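In: show me how the following folds:
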Amino acid sequence: MKESSLETVAARPDVASPRLRRGLDMPAGIAMTGFCLVLGLQQVAIKAVADDITPLSQIALRSLLAGVMVLIVARIQGMLVAMAPSAAPGAPAGDILLGDALGLLAGLSWAATTLVVRRSSLSEAPPVQTLTYQLLTAGALLLPITLWLGDWQQATPSGMAVASMTFQTLVISFGALLLWFALLRRYWASQLGVFSFLSPIFGVLFGAALLDEPLSWNFLLGGAAILLGIVLVSRQA
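Out: Prediction:
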């Protein structure tokens, strides 16, 4: 059974064997930096048009649109994708704690996604297949919720909202996430995960540059510590 599996991997160049996964090299480091850069910009893109389209609606819409695009790419490449289920300043103190808790839950969910992909058969699946599962499932689950909440009745299709949704759909949900899953199949998840800590740093910096949000000394010290940790891990690769 094992020999048959290895023969299949050897016969298909698009499948990365676990034996072939390696530590981060220079191209992977550059790719991960770019990935984290656009993820940081995503936070500003969502917040900038939150008054026109609620964040939950933005995620639902971009997931469905990008999921269809990835599915088309998979069909063009001849891959059979069988669908299956996956997995503010001045606010009241309670809201701040709730926001912190949701942020922590989001981080745990991102880590859980990485573990599920690496520990399941999706580990050897083409990136377009894995991303199709994730995007279409997210869109199918979130869209009914946004309709039930009445978010679309208050949506305003402004020029800024259209530009933001275009960026989120094409660059984030389609391009960046395809890159992430491709890297996850070729490099060690632990080192990719360390690099992903750049995303919130870029998010805060973009918020300061584009939305005039303040920078604190705590952030600057914490960001410097994160950068030092990434450098140390990368040098040991």
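In: for residue 51, give me its contacts.
Out: residue 156 (Cβ atoms under 8 Å, 6 or more residues apart in numbering). Every C-beta, even on glycine, is put in place using the N, C-alpha and C of the backbone.
In: so it, which state does it fall into?
Out: coil (DSSP: H, G, I helix; E, B strand; the rest coil).
In: quick check: phi and psi on it?
Out: Backbone torsions of residue 51, given as degrees, to the nearest 10, read phi -80, psi -20.
In: oh, and call the first residue 11 from now on, that's how I've got it
Out: Understood, numbering begins at 11; the last thing we discussed is residue 61.
In: now do the same for it: its pLDDT.
Out: At residue 61, the model reports a pLDDT of 91.
In: got it, and residue 66?
Out: Residue 66 is given a pLDDT of 90.
In: so it touches residue 151, yeah?
Out: No: when contacts are counted by Cβ atoms under 8 Å, residue 66 is not listed as touching residue 151 (10.9 Å).
In: which SSE is immediately downstream of the helix or strand where residue 40 lies?
Out: Using DSSP states H and E, residue 40 sits within helix 36-58. Moving toward the C-terminus from helix 36-58, the next helix or strand (DSSP H and E) is helix 65-86.
In: just want the angle from that following helix to helix 36-58.
Out: 140 degrees (axes from the mean of the first three to the mean of the last three Cα atoms, to 10 degrees).
In: in helix 65-86, which residues are buried?
Out: 67-81, 83-84 (16 or more other Cβ atoms under 10 Å).
In: can I get the CA coordinates of that helix in CSV?
Out: Extracted C-alpha coordinates of helix 65-86, given in CSV (Å, rounded to 0.1, in the frame of the first residue of the first chain):
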residue,chain,number,x,y,z
PRO,A,65,-17.3,42.5,7.3
LEU,A,66,-19.3,39.2,7.5
SER,A,67,-21.0,40.0,4.2
GLN,A,68,-17.6,40.9,2.7
ILE,A,69,-16.2,37.5,3.7
ALA,A,70,-19.2,35.6,2.5
LEU,A,71,-19.3,37.3,-0.9
ARG,A,72,-15.6,37.1,-1.6
SER,A,73,-15.5,33.4,-0.5
LEU,A,74,-18.3,32.5,-2.9
LEU,A,75,-16.8,34.5,-5.8
ALA,A,76,-13.2,33.3,-5.3
GLY,A,77,-14.5,29.7,-4.7
VAL,A,78,-16.2,29.7,-8.1
MET,A,79,-13.0,31.1,-9.7
VAL,A,80,-10.8,28.4,-8.1
LEU,A,81,-13.3,25.7,-9.1
ILE,A,82,-13.1,26.9,-12.7
VAL,A,83,-9.3,26.7,-12.6
ALA,A,84,-9.6,23.2,-11.2
ARG,A,85,-11.9,22.1,-14.0
ILE,A,86,-9.6,23.7,-16.6
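In: hmm, who's touching it?
Out: 56-57, 59, 63, 91, 136, 138-139, 141-142, 144-146, 148-150, 152-153, 155-156, 159, 161-162, 165, 174-175, 178-180, 182-184, 187-188.
In: the helix holding residue 40: how far from the chain's middle?
Out: Relative to its chain's centre, helix 36-58 lies at 9 Å (Cα atoms, centre = their mean, to the nearest Å).
In: before we move on, back to that, buried subset of the contacts of helix 65-86?
Out: Members of the contacts of helix 65-86 classed as buried by 16+ other Cβ under 10 Å are 56-57, 59, 63, 91, 136, 138-139, 141-142, 144-146, 148-149, 152-153, 156, 161, 165, 174-175, 178-179, 182-184, 187-188.
In: contact partners for the residue nearest the centre of the chain?
Out: When the chain is reduced to its mean C-alpha position, the nearest residue by Cα atoms, centre = their mean turns out to be residue 187, at 5.4 Å. For residue 187, the contacting residues are 76, 141, 144, 145, by Cβ under 8 Å, 6+ apart.
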